[in-house]
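Q: Got a predicted structure plus its sequence, pasted below:
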Amino acid sequence: GDLKRLNNLQGELSIYIKGSYKNMGLDALEASLKVKTNLRSLSLNWEGNHNYEDELVLENLQPHDKILELKIREYGGEKLPTWMATKQLTSSLVHLEVVHISECANIKHVPSFSQLPNLKGLLLWDLPGVEYLGNDADECAGSEAPLSSPRMFFLSLTEISIHRLPNLKGWREVGLVDVFFPCVSKVTITGCEELEFFPSCPNVEDLEIRGVGNV
């Protein structure tokens with residue numbers, strides 16, 4: 001409730017979620033991040049024991065749609081919130097430039113974020129439960145404008161950093177054939193022993209690959 005009335009906060013906000021108690025989800029909702037339109041960077045950090053309300057807490061910490069940078073660390077849920085689903089991204093996070101998700105042991109699926117027109121940096125670290133990046137058939141079902149051309153794949157992205165996703169097999173985009181990153185200049189991939197497929201980066205200038213499978 002401490003953040004509820006601080007609607008003029010500017011710049012970067014870091015929130016630390018510690019321990020567990022009843023009504024954590026309600027407290028997150030009362031933070032009213034969606035109305036703090038002067039924030040440009042939001043960092044959400046979990047500390048201590050995770051609990052069954054982690055997913056509700058993250059769902060209720062949705063920032064406003066002008067946020068430029070989003071960091072999520074040590075989140076304990078299996079699913080990312082609905083406002084990060086592929087079908088919602090172009091309305092909920094349309095201005096986002098950097099996504100950094102790290103140390104989330106239970107997450108099973110990460111959307112590709114390819115529909116974000118301004119995304120420049122994608123950093124995914126220590127996500128052992130993730131096998132594929134990108135859209136899946138269920139998530140795309142009913143989409144009014146499914147991706148159908150590699151030209152729609154990350155028009156602004158310049159940096160990809162993937163560290164310690166030991167079960168990651170590849171990138172999966174429904175409706176896309178021969179996908180590639182047209183603008184990516186920096187690629188770092190380490191500790192991805194099961195990786196079998198990764199989109200090409202024809203304009204890469206800075207490349208680091210260690211501990212990677214059969215790419």
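A: All right, it came through fine.
Q: show me what contacts N214?
A: L195, E196 (C-beta atoms under 8 Å, 6 or more residues apart in numbering). The way it works is simple: take the backbone N, C-alpha and C, and place the C-beta from them, glycine included.
Q: Roughly how far does it sit from L56?
A: According to C-beta to C-beta, to the nearest Å, N214 stands 39 Å off from L56.
Q: same thing with E194?
A: E194 is 31 Å from L56, by C-beta to C-beta.
Q: Which one of the two is surrounded by more residues?
A: Using other C-beta atoms under 10 Å, the more surrounded residue of E194 and L56 is L56, with 17 against 14.
Q: Show me what the helix or strand harbouring the more buried one is packed against.
A: Assigned by DSSP states H and E, L56 belongs to helix 54-60. Contact analysis of helix 54-60 by 3 or more C-beta pairs under 8 Å, 6 or more residues apart in numbering; DSSP states H and E lists helix 24-30 as its packing neighbours.
Q: Need the CA coordinates for stretch 91-105. PDB is fine.
A: Written as PDB, here are the backbone C-alpha positions of stretch 91-105 (Å, rounded to 0.1, in the frame of the first residue of the first chain):
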ATOM      1  CA  SER A  91      -1.300  -3.000 -26.400                       C
ATOM      2  CA  SER A  92       0.100  -3.600 -22.900                       C
ATOM      3  CA  LEU A  93       3.900  -3.100 -23.500                       C
ATOM      4  CA  VAL A  94       4.000  -1.500 -27.000                       C
ATOM      5  CA  HIS A  95       6.900   1.000 -26.100                       C
ATOM      6  CA  LEU A  96       9.100  -1.600 -24.400                       C
ATOM      7  CA  GLU A  97      12.800  -1.400 -25.400                       C
ATOM      8  CA  VAL A  98      14.400  -3.900 -23.000                       C
ATOM      9  CA  VAL A  99      13.200  -7.200 -21.400                       C
ATOM     10  CA  HIS A 100      15.400  -8.900 -18.800                       C
ATOM     11  CA  ILE A 101      14.000 -12.100 -17.200                       C
ATOM     12  CA  SER A 102      16.400 -13.900 -14.900                       C
ATOM     13  CA  GLU A 103      16.600 -16.700 -12.200                       C
ATOM     14  CA  CYS A 104      13.000 -17.800 -12.600                       C
ATOM     15  CA  ALA A 105      13.300 -21.600 -12.000                       C
END
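Q: In it, which residues have enough neighbours to count as buried?
A: Neighbour-count burial for stretch 91-105, counted by 16 or more other C-beta atoms under 10 Å, picks out S92, L93, L96, E97, V98, V99, H100, I101, S102, C104.
Q: residues touching the fourth one, list them.
A: By C-beta under 8 Å, 6+ apart, E97 lies in contact with L68, E69, N118, L119, K120, G121, S156.
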